[in-house]
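1. Got a sequence here, can you build the structure:
(2 chains)
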Amino acid sequence: MKKNTLLTIAYFICKLINAVILVTIIMFTVFFIHFQIDKSAYQNWNFMDKGSSNSIISLESKIDYSQNSKTVSQQKPNFLNFSTLSLYFNYLKFTVSASLIFISLRLFGKVIASVKNRKTFEKINAFAFKRIGIYCFIIGIISSYDYYDFETQFKLTRISLNLTFYIIALIALVLSEIFKEGNKLKLESDLTI
Amino acid sequence: MPIIINLDQVLADRNMKSKELAEIVGITEANLSILKSGKAKAVRFSTLEAICEALDCQPGDILAFSSSNSSEGGE
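-> Down below sits the predicted model:
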């Protein structure tokens, strides 16, 4: 496969994922607004906790309100009981993380485009990888905290350490240094007559 | 930079223009300008050979070392 074909596919995938993220953010915002207007529309929606299976360390605190009343304990936690604070927290957590992934992918797309145009070792690419690294680190921190509060049912607070985003951040920061070094070599090469 | 390029001097002595030299040597005028202004980081032996051949001179006529500039340049 030619170099440019691979890069074109990678660029296209970046654009596609970005479009999906953008649509998801918009849909999530619509749900967020609608949920506050008409909570009853979501009474059949059940909460499913993804757990902390991907984390290496996890600290969890679960307060079960239903232990006192047997009638409620039979029900699955649904969004009718979702507290406002928990709603705002989860909305902000999702939108900030998704926006940072969106920006990171956009930057990565720009790097791919510059490689396609044979402008690989530009200063702007080193800076782009540095930004991607910082954003992934922030996403890692944001995603480490979970807070779900279903009033009258249960309240779940969890701090977990998922290494995926930290590893991506580390790789991006190393790539940033490599591109910086590449830029220095390119400048030297350009000034060799 | 402690290395000084005397290309302007040699060109004036030979009554030759930068454009002509660039054409004979096979480099761009922009690159020749970088060389003359002392901004160049390195000179290829092949380029030096071509310049010397075009100007009928020795590398020492074009390049000179000045110790007084070494502390100022830094690079």
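
2. Helix or strand: which one has residue 20?
-> Using chain A here. helix A:3-37 (DSSP states H and E).

3. actually it's chain B I care about, not the one you picked
-> Counting by DSSP H and E, B:E20 is found in helix B:18-25.

4. what sits up against that helix?
-> Residues outside helix B:18-25 that contact it (Cβ atoms under 8 Å, 6 or more residues apart in numbering or on different chains) are B:11, B:28-29, B:31-33, B:36, B:47, B:50-51, B:54-55. Where you see a C-beta, it was placed from the backbone N, CA and C, and this is true even at glycine.

5. quick one: which of those residues is most hemmed in?
-> Among the contacts of helix B:18-25, the one with the most neighbours (other Cβ atoms under 10 Å in any protein chain shown) is B:I51, at 25 neighbours.

6. Tell me which other helices or strands the host helix or strand of that one touches.
-> Taking DSSP H and E as the criterion, B:I51 maps to helix B:45-55. Packing partners of helix B:45-55 (3 or more Cβ pairs under 8 Å, 6 or more residues apart in numbering or on different chains; DSSP states H and E): helix B:7-14, helix B:18-25, helix B:59-62.

7. Mean pLDDT added to the ones you listed, as a markdown table?
-> What follows is the helices and strands packed on helix B:45-55, written out as a markdown table (pLDDT from 0 to 100):
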| stretch | mean pLDDT |
| --- | --- |
| helix B:7-14 | 89 |
| helix B:18-25 | 90 |
| helix B:59-62 | 90 |
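
8. Figure out which of those helices is closest to A:I141.
-> Taking Cβ to Cβ, helix B:18-25 is the member of these nearest to A:I141, at 55.9 Å.

9. where in the chain is pLDDT low?
-> Since no chain was named, I'll use chain A. Applying pLDDT under 70 to chain A picks out residues A:1-3, A:51-53, A:66-76.

10. switch to chain B, that's the one I care about
-> Looking at chain B by pLDDT under 70, you get B:1, B:69-75.

11. try 50 this time
-> Applying pLDDT under 50 to chain B flags the ranges B:73-75.

12. So which bits of it are right by chain A?
-> With Cβ under 8 Å from any Cβ of the partner chain as the criterion, chain B comes near chain A at residues B:27, B:31-32, B:34-35, B:39-44, B:47.
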